[in-house]
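Trainee: no sequence on hand, only this structure:
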């Protein structure tokens, strides 16, 4: 008798109760002056995700006692890191940033995009860069052997990541529009090696959908002040999904909804400023 | 109980052997088990029970038990598998060995759900192997036996396995098809022995953790021969899975119905199995999941073809990102399955990707699908795109990204990436350079690094001749992808540059050498630059947890920078046991 495979387009997730129990609150990013950041994570034994982001502008004001930071020091841009977990395996699905620095009369910028620890793109900022790809990030599996019954689950986490960058570096100002983003979704196939029975999981789960667009223009600091034009936003959408298990039991079919979770979204303007900043 | 050797002789030679009450049987079957179990924790008490079949040197006894087994497995609370087995099982120790032949006789089997064992395989004898301490160490099968029969027979045997011990109570580590568990034995009066099972000490390699509990009650007669045994066991996955709780219950009972002196013909037949049967094992070997994976791919790809998937992906182009991501991810997974199932579709995708008119969205889809396939054919299709004079620059960029993310590298892919790295298009050059670093790591992992196929050497040479920090920074990132020890010196040197230190610290993440850990630890504790410390702990994410857990915990207590603390916490969350 040939093993029967389950048609399964399914998403990783545990029971609804667990998801609800582990669901994150939509944490409010914190801003300290023109720097905004946030970090949050959530997980249960089957699935999880976490993220951090940073966006804004730093100047000499943030490092007043450190002589290695010149009076003209600037750092501006946005960066995100996100990790996803499936079946107990966690991977850093994205590490992306677009940052411009100015220190002691020298300016430079860098764009960096890594997925699952592999740097895909790492370059100086010179021109506009729209970098975005859709890929399967990583796979994980469960091999359950219980009282002589085998169930195989193959999970995949895939989605899109990238960073859009429009820079401008002149002798009088720095300007950067940068939007790092990551979207990750989990999906599962199941095999129970069954002759007349099968199980499939149908549904979908959004693991993470994070965008951090930043638009910053700043003149080089003079006399402990500089003019800025800055808009920092973010949007976050996490952990929604509906999960239904279908059991095909020889001639009978039964189904049961395990998860019906709305997740949460958050977003908005973190910081908006135009005018002069002084210290 | 009668002793009737004549009727046993009449049993079919290859009558099915069930491992059922192995516990008891183990002793009865295995001469080696007659000695006390060395590993058992002895307690004072009754004299050792003897369950040996016969004390006579040449008179080996076959014992026959009536057996029933019932099994009920649920998924998400719903019944998934129900199994009921009835019949008889005979046990015949093979003199001079630690083996016992077990065979199932006249079994009747009712299976609902789950894979159904072949009756022919269930009837085929098996050999129970014991270690020098008398513990059941594995089951030896005829190579033709199907997996479902192996799993069921192993469940039957292990549910009733019995490790001897001295005294009123003792413990032993026993093994079943899922893992190793602690068995606690206790004598209740003169005739009853109870074994309790509480969870697993460890699972077999690769298996999902289970919680388990069970009880086995053994009744012996006045001569310490096992008259009956009943086992009741419950197991469940100890963590939730994508399909909810998987749980099961197993009941096995054995009742002695016959004893007889084995004939020389039976003994010869049992001995003949010793040479031909597979090595003993309790767990199924780390399973070859290729057939199962293929089935899953076929299911996922069923009804799809490349043209339809391309069209579906193209429909997402231009739509709001948050509305199409899930759809795109699913399409890529399906394309990957399709390409694994049908290599002709890989060729078609490769041709399409290298076509002059391919749109950027299509290039994203085709290259993403080929990466999801993860096969050599897919990698070569991507490499061909990189070298094609017809391919668009966007298609070539996507091909380079995909090659960086694939576990495949060979002369063809490295050659194509080298050409990409030399491109006049800065983005393609950059992406290909990163992918060359990743290819170096793949080649090393696969043991394929050889003369003429050493992208890391090329990257090091480029670094040595680099003329500015921007180029050095890019090459450091690529070298970091390689994890090659030859890059250590270069990376170490770059840490002295304020401009390069952040990239250099992260480039240490894959280097399989203790010096990398030492250097990272120094950076994490000593670097005044929070960006460098942060890169250090992002690199630590990929390092050995045994080395880094105490360092990370210490760093958590000392670090003040919020962003660095986030990186430390992320690494800790990754490394800490669930």
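Mentor: Structure received. Keep in mind that this is a model prediction, so the values were computed, not measured. Residues are numbered from 1 along each chain as shown, chains lettered A, B, ... in the order given.
Trainee: what ranges do the strands span in the stretch 1-150 of chain A?
Mentor: For the stretch 1-150 of chain A, strands defined by DSSP state E, counting those that start in this stretch occupy the ranges A:4-10, A:30-32, A:35-43, A:47-59, A:74-86, A:89-103, A:106-115, A:118-124, A:129-146, A:149-169.
Trainee: which stretch in those is the model least sure about?
Mentor: The stretch with the lowest mean pLDDT among the strands of the stretch 1-150 of chain A is strand A:4-10, at a mean of 30.
Trainee: contact partners of stretch B:340-348?
Mentor: With contact meaning C-beta atoms under 8 Å, 6 or more residues apart in numbering or on different chains, stretch B:340-348 is reached by B:294, B:297-298, B:301, B:305-306, B:338-339, B:370, B:373-375, B:377-378, B:381. Where C-beta positions appear, they are placed from N, C-alpha and C, glycine not excepted.
Trainee: what's the answer for stretch B:506-518, then?
Mentor: Contacts for stretch B:506-518 (C-beta under 8 Å, 6+ apart): A:117, B:441, B:476-477, B:479-485, B:487-488, B:491, B:494, B:519-520, B:535-536, B:538-544, B:547-548.
Trainee: quick check: buried residues in stretch A:93-104?
Mentor: A:93-103 (16 or more other C-beta atoms under 10 Å in any protein chain shown).
Trainee: so which of those are also by chain B?
Mentor: residue A:95 (C-beta under 8 Å from any C-beta of the partner chain).
Trainee: tell me the one among the buried residues of stretch A:93-104 nearest to chain B.
Mentor: residue A:95 (6.9 Å; C-beta to the nearest C-beta).
Trainee: excluding its backbone neighbours, what's nearest the closest one?
Mentor: What sits nearest to residue A:95 in space, not counting adjacent residues and going by C-beta to C-beta, 6 or more residues apart in numbering or on different chains, is residue A:114, at 4.2 Å.
Trainee: make sure the one you found is actually in contact with residue A:93.
Mentor: No. Counting by C-beta atoms under 8 Å, residue A:114 does not reach residue A:93; the two are 9.5 Å apart.
Trainee: residue B:152 against residue B:117, yeah?
Mentor: Yes. Using C-beta under 8 Å, residue B:152 makes contact with residue B:117 at a distance of 5.2 Å.
Trainee: quick one: pLDDT of the spatially closest residue to residue B:420 that is not a sequence neighbour?
Mentor: Once flanking residues are discounted, residue B:420 sits nearest to residue B:432: 3.1 Å by C-beta to C-beta, 6+ apart. We have a pLDDT of 98 for residue B:432.
Trainee: element containing residue B:432, please.
Mentor: Per DSSP states H and E: residue B:432 is located in helix B:426-446.
Trainee: quick one: that helix to strand A:129-146, angle?
Mentor: 30 degrees (axes from the mean of the first three to the mean of the last three C-alpha atoms, to 10 degrees).
Trainee: pLDDT below threshold where in chain B?
Mentor: B:1-59, B:114, B:239-243, B:284-289, B:322, B:450-451, B:577-578 (pLDDT under 70).
Trainee: nearest residue to the middle of it?
Mentor: Centroid-nearest residue in chain B: residue B:206, 2.8 Å away (criterion: C-alpha atoms, centre = their mean).
Trainee: so is residue B:161 in a helix, a strand, or just coil?
Mentor: Following DSSP: H, G, I helix; E, B strand; the rest coil, the label given to residue B:161 is coil.
Trainee: pretty sure it contacts residue B:134?
Mentor: No. Counting by C-beta under 8 Å, residue B:134 is not a contact partner of residue B:161; they are 10.4 Å apart.
Trainee: rewinding a little: closest to residue A:205 out of the strands of the stretch 1-150 of chain A?
Mentor: Counting by C-beta to C-beta, residue A:205 lies closest to strand A:47-59 out of the strands of the stretch 1-150 of chain A; the figure is 7.3 Å.
Trainee: next, the buried residues of that closest one.
Mentor: Those buried within strand A:47-59 under the rule 16+ other C-beta under 10 Å are A:47-59.
Trainee: next up, the contacts around residue 185.
Mentor: In the absence of a named chain, chain A is used. Residue A:185 neighbours (C-beta under 8 Å, 6+ apart): A:11, A:157-159, A:204-207, B:325-326, B:329-330.
Trainee: sorry, should have said chain B
Mentor: By C-beta under 8 Å, 6+ apart, the contact set of residue B:185 is B:40, B:163, B:165, B:169-172, B:193-195.
Trainee: repeat that for residue B:84.
Mentor: So residue B:84 contacts B:68-71, B:109-110 (C-beta under 8 Å, 6+ apart).
Trainee: next: residue B:452.
Mentor: Residue B:452 neighbours (C-beta under 8 Å, 6+ apart): residue B:411.
Trainee: in a helix, that's where residue B:174 is, yeah?
Mentor: No. Counting by three-state DSSP, residue B:174 is not found in a helix; it is strand.
Trainee: thought it was touching residue B:196?
Mentor: No. Using C-beta under 8 Å, residue B:174 is not in contact with residue B:196; the gap is 11.5 Å.
Trainee: intersection of neighbour lists for the two?
Mentor: Common neighbours of residue B:174 and residue B:196 (C-beta under 8 Å, 6+ apart) are residue B:183.
Trainee: the more surrounded of these two?
Mentor: residue B:174 (23 against 14; other C-beta atoms under 10 Å in any protein chain shown).
Trainee: excluding chain neighbours, what is closest to the more buried one?
Mentor: Residue B:174 sits nearest to residue B:183 (C-beta to C-beta, 6+ apart), 4.6 Å away.
Trainee: how about residue B:364?
Mentor: residue A:134 (5.3 Å).
Trainee: quick check: bridge partners of the one you found?
Mentor: Bridge pairing for residue A:134 (DSSP bridges) gives the partners residue A:160.
Trainee: now do the contacts for it.
Mentor: Counted by C-beta under 8 Å, 6+ apart, residue A:134 has contacts A:158-160, B:328-329, B:332, B:364-365, B:368.
Trainee: can I get these in JSON lines including distance to residue B:311 and neighbour count?
Mentor: As requested, these are exported to JSON lines (distance: C-beta to C-beta, whole Å; neighbours: other C-beta atoms under 10 Å in any protein chain shown):
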{"residue": "A:158", "distance to residue B:311": "19", "neighbour count": "30"}
{"residue": "A:159", "distance to residue B:311": "21", "neighbour count": "29"}
{"residue": "A:160", "distance to residue B:311": "19", "neighbour count": "24"}
{"residue": "B:328", "distance to residue B:311": "13", "neighbour count": "26"}
{"residue": "B:329", "distance to residue B:311": "17", "neighbour count": "29"}
{"residue": "B:332", "distance to residue B:311": "15", "neighbour count": "30"}
{"residue": "B:364", "distance to residue B:311": "14", "neighbour count": "26"}
{"residue": "B:365", "distance to residue B:311": "10", "neighbour count": "29"}
{"residue": "B:368", "distance to residue B:311": "15", "neighbour count": "28"}
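Trainee: those strands in chain B, which residues are they?
Mentor: Assigned by DSSP state E, the strands in chain B fall at B:61-75, B:78-93, B:99-112, B:126-130, B:136-140, B:169-175, B:179-188, B:192-203, B:210-220, B:226-237, B:246-261.
Trainee: all helices in the stretch 251-400 of chain B, in order from the N-terminus.
Mentor: Secondary structure of the stretch 251-400 of chain B (DSSP state H, counting those that start in this stretch): helices located at B:264-276, B:290-301, B:306-316, B:321-341, B:343-353, B:360-373, B:376-387, B:393-404.
Trainee: same for the first one, what does it pack against?
Mentor: So the one you mean is helix B:264-276. helix B:5-9, strand B:78-93, strand B:99-112, strand B:126-130 (3 or more C-beta pairs under 8 Å, 6 or more residues apart in numbering or on different chains; DSSP states H and E).
Trainee: give me the angle between that helix and strand B:99-112.
Mentor: Using the same axes, to 10 degrees: helix B:264-276 against strand B:99-112 is 80 degrees.
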